[in-house]
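# My questions are about this predicted structure, shown below with the sequence.
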Amino acid sequence: MGIRLDWNEDGAVSVAIEGRLDLETVPGIRKELLKAFKKRRPTEVVVDLEGIGRMDTAGVALLVELRNLVSGKGGSWRLERVSESVMKMLELARLDILADAGADHGRN
Amino acid sequence: MAGTDARAIIEVRNLNSFYGQRQVLRDISFHVPAGKVTVIMGVSGCGKSTLLRHLIGLKPTGPGQIFVDGKDLAAFDSREMEAYRKRIGVLFQAGALFNSMTVQDNIAVPLRVHTRLAEPTISIMVRIKLHQVGLTRFGDYMPSQLSGGMRKRAGLARALAMDPEILFVDEPSSGLDPITAAGLDDLILELREAMGMTLIVVTHELESAFRIADQLIVLDQGRVLAAGPPESIRESRDERVVQFLSRRADERARDQEGYLAELLAAAGGRDRS
């Protein structure tokens, strides 16, 4: 359970989240990601959600916050390998647009 | 009885309930299947809301028991009761908002009290919940500035704040226009579908009950008159079930306290001595 960051030379980063993304795990995952992005500003963030077992509204809120953080600084952002259960949560939050690949590529 | 093979998250066994000497619930037994919508329905005064108070631990069980995940609710210590309260969300009939706080602060209360979430995360979650219940632009309002129906929706947003495993809803349609009420029914079905949430809905609205229920419990004068999937209730030949479904209200089933108050008021109004 947790996150794995894989940076390339261009400053693009793949964020793989494993296990739960919910009320209990979001505070720790958020802290870790903010710390990493403060240390090194990403040009592109790809969030890989294949390993997510459960996501609730706190998880959706974290994805929204990440998107704002990255695209607000000119980086691009997208979700990858969105499972059916994660998609249902995004739809429940009326935010399935977040899963549209290429729908949001920041302001670069 | 449940008409479904899902695990029973709550089991009510031979529950009786009293207000003073007056018996409100009589030998009630049923299961609440996990991840399903259970609707408790009946006319006013049949004991629906009292049953809800027992299920959420607000009214101690008298004779009879309520089991949550197989454990007797009456035997919960304070730590177990706190854990149970974190698993449940409750929408009371009037919304039960804090009048001194804005709507968005009301929704944020459980998140600030029970989680370690950062304020930016909480702020986004609150806006998501407001949007879900159709109150996107009303986060800054005080409860007193909202209509009854809007307060109800704000109450639902707060009940949903923690994405509870079990959501109790008391009369979701009361005070709402038909379109908003249908929207709430849709949201209830979405919550079950997307989150596997267990919902226990108390209502006297037949149309809504049949639309959302996986299991229906029909209460009549404190007893379970019928229980099962909607189709079995609809096909029931029991005279009182048929009578209930055809909305021919039975005078005996009226809220006796309310009825007595009406009679006393009528008598007082005519007293010219």
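Perfect, I can see it now. Residues are numbered from 1 along each chain as shown, chains lettered A, B, ... in the order given.

# excluding its backbone neighbours, what's nearest B:Gly42?
Nearest residue to B:Gly42, sequence neighbours excluded (CB to CB, 6 or more residues apart in numbering or on different chains): B:Leu219, at 3.7 Å. All C-beta atoms are positioned from the backbone trio N, CA, C, and that covers glycine.

# Regarding that neighbour, what is its secondary structure?
Using DSSP: H, G, I helix; E, B strand; the rest coil, the structure places B:Leu219 in strand.

# Could you pull up the residues touching it?
B:28, B:40-42, B:46-48, B:51, B:225 (CB atoms under 8 Å, 6 or more residues apart in numbering or on different chains).

# what bridges to B:Gly228?
Taking DSSP bridges as the rule, B:Gly228 bridges to B:Leu216.

# With B:Leu25 instead?
Here B:Leu25, judged by DSSP bridges, has bridge partners B:Ser17.

# Any idea how many residues pack against it?
Using other CB atoms under 10 Å in any protein chain shown, B:Leu25 has 26 other residues around it.

# near chain B at all, the lengthiest helix in chain A?
Determined from DSSP state H, the single longest helix within chain A is helix A:57-72. Yes. Legend: contact between helix A:57-72 and chain B by CB under 8 Å from any CB of the partner chain is shown at A:57-58, A:60-62, A:64-65.

# can you give me the strands in the chain?
All of this refers to chain A. A:2-7, A:12-21, A:44-48, A:52-55, A:76-80 (DSSP state E).

# Can you look at chain B instead?
Counting by DSSP E, the strands of chain B are B:8-19, B:22-33, B:37-41, B:65-68, B:71-72, B:88-91, B:166-170, B:198-203, B:215-220, B:223-228.

# Could you identify which of those is most buried?
strand B:37-41 (a mean of 26; mean count of other CB atoms under 10 Å in any protein chain shown).

# helices or strands up against that strand?
When contacts are defined as 3 or more CB pairs under 8 Å, 6 or more residues apart in numbering or on different chains; DSSP states H and E, strand B:37-41 packs onto helix B:48-55, helix B:178-195, strand B:198-203, helix B:206-212, strand B:215-220.

# what's the closest of these to B:Leu97?
Closest to B:Leu97 of the helices and strands packed on strand B:37-41, according to CB to CB: helix B:178-195, at 16.7 Å.

# relative orientation of the closest one and strand B:166-170 in degrees?
Put simply, helix B:178-195 runs at 170 degrees to strand B:166-170, going by axes from the mean of the first three to the mean of the last three CA atoms, to 10 degrees.

# Check which helices and strands helix B:178-195 sits against.
Right, helix B:178-195 is packed against helix A:84-92, strand B:37-41, helix B:148-159, strand B:198-203, helix B:206-212 by 3+ CB pairs under 8 Å, 6+ apart.

# can you give me how far the last one is from the chain middle?
With CA atoms, centre = their mean, to the nearest Å as the basis, helix B:206-212 stands 14 Å off its chain's centre.

# re the thing from before, going by distance to chain A, which of the contacts of B:Leu219 wins?
Checking the contacts of B:Leu219 against chain A by CB to the nearest CB gives B:Ile40 as the nearest, at 24.5 Å.

# So the closest one is in contact with B:Ser49, correct?
No. Assessed by CB atoms under 8 Å, B:Ile40 is found out of contact with B:Ser49, at 9.3 Å.

# Between the two, which contacts overlap?
Common neighbours of B:Ile40 and B:Ser49 (CB under 8 Å, 6+ apart) are B:Val202.

# Where does the prediction get shaky in the chain?
This is for chain A. Along chain A, segments meeting pLDDT under 70 span A:1, A:101-108.

# if you could check chain B rather than the one you did, that'd help
Those would be B:1-5, B:94-95, B:247-259, B:261, B:269-273, if you go by pLDDT under 70 across chain B.

# go with 80
B:1-6, B:43-46, B:61-62, B:93-95, B:173-176, B:247-273 (pLDDT under 80).

# B:Thr203: what's it in contact with?
B:39-41, B:171-173, B:209.

# Farthest-apart pair in the residues you listed, please.
Taking CB to CB, no two of those sit farther apart than B:Ile40 and B:Ser173, at 14.0 Å.

# B:Arg127 versus B:Ile188, what's the distance?
21 Å (CB to CB, to the nearest Å).

# Thanks a lot, catch you later.
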